[in-house]
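> Quick one: sequence plus predicted model below, questions after.
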Amino acid sequence: MVVSSINPHNKEIVVRRRIASIFNKREDDFSSLEEYNDYLEEVEDMIFNLVAGDDVAAFEEKIAEYQKENADLILINQARKAEELALAMAASKGPPAQTDNTAGSSQGISVGAGQYAPTTVWGQPRPIGIAPQPMPLRGGPDMHGYLEDEETMRIRTERASRAAGWSIEFSKKRAFEEAFESLCV
């Protein structure tokens, strides 16, 4: 196997993935922990030598021989890994996504904590049920060890607000829209 890449880390990643797909035994495939550790050390030595380009032909021959001798075990372990991945993906999926109804009313919509629910008839859904966010400590030293006065903190807060896209006009507009939309609903 010849991997041509400018970045040596990419080469190592490609080699590691290839070797891990072939040499995929697990600890329970061995009778003792020492045998398993010897196996892992042999695999790491092989990866190191392939990445470094030391005696690549001999290691490629060793890999091909191992593949022929252990083809069934390799397939079984790949299938076991795929099943575990599928179970993990199924377990990590949350509740189904909530859909907005076209009538604009909120009747029949159940919303759990952390989900999105429409709060305006024509607007974007708004997050609800989010846990309180941590508050930054004020009045202490900054990252350089200097104490900040109230004016510096006020200026920093205003600049951060502007950088995040917040403006008082936007807040007034949003409050106005939500007030009138609550009358329509």
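Nice, I can see it.
> State the helix or strand in which residue 51 lies.
For residue 51, the element it lies in under DSSP states H and E is helix 33-52.
> For that helix, C-alpha coordinates in PDB please.
What follows is helix 33-52, C-alpha atoms only, in PDB (Å, rounded to 0.1, in the frame of the first residue of the first chain):
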ATOM      1  CA  LEU A  33      -4.600  -9.800  29.100                       C
ATOM      2  CA  GLU A  34      -0.900 -10.300  28.400                       C
ATOM      3  CA  GLU A  35      -1.700 -12.000  25.000                       C
ATOM      4  CA  TYR A  36      -4.000  -9.100  24.100                       C
ATOM      5  CA  ASN A  37      -1.400  -6.500  25.000                       C
ATOM      6  CA  ASP A  38       1.200  -8.300  22.900                       C
ATOM      7  CA  TYR A  39      -1.300  -8.300  20.000                       C
ATOM      8  CA  LEU A  40      -1.800  -4.500  20.400                       C
ATOM      9  CA  GLU A  41       1.900  -3.900  20.600                       C
ATOM     10  CA  GLU A  42       2.500  -5.900  17.400                       C
ATOM     11  CA  VAL A  43      -0.300  -3.900  15.600                       C
ATOM     12  CA  GLU A  44       1.200  -0.600  16.800                       C
ATOM     13  CA  ASP A  45       4.700  -1.600  15.700                       C
ATOM     14  CA  MET A  46       3.200  -2.500  12.300                       C
ATOM     15  CA  ILE A  47       1.500   0.900  12.000                       C
ATOM     16  CA  PHE A  48       4.600   2.700  13.000                       C
ATOM     17  CA  ASN A  49       6.700   0.900  10.400                       C
ATOM     18  CA  LEU A  50       4.200   1.400   7.600                       C
ATOM     19  CA  VAL A  51       3.900   5.100   8.300                       C
ATOM     20  CA  ALA A  52       7.700   5.500   8.600                       C
END
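> How about that helix, which residues are buried there?
For helix 33-52, the neighbour count (16 or more other C-beta atoms under 10 Å) marks 36, 39, 43, 46, 47, 50, 51 as buried. Heads up, the C-betas are built off the backbone N, CA and C, glycines and all.
> and it, what other elements does it pack with?
Applying 3 or more C-beta pairs under 8 Å, 6 or more residues apart in numbering; DSSP states H and E, one finds that helix 33-52 contacts helix 8-22, helix 56-69.
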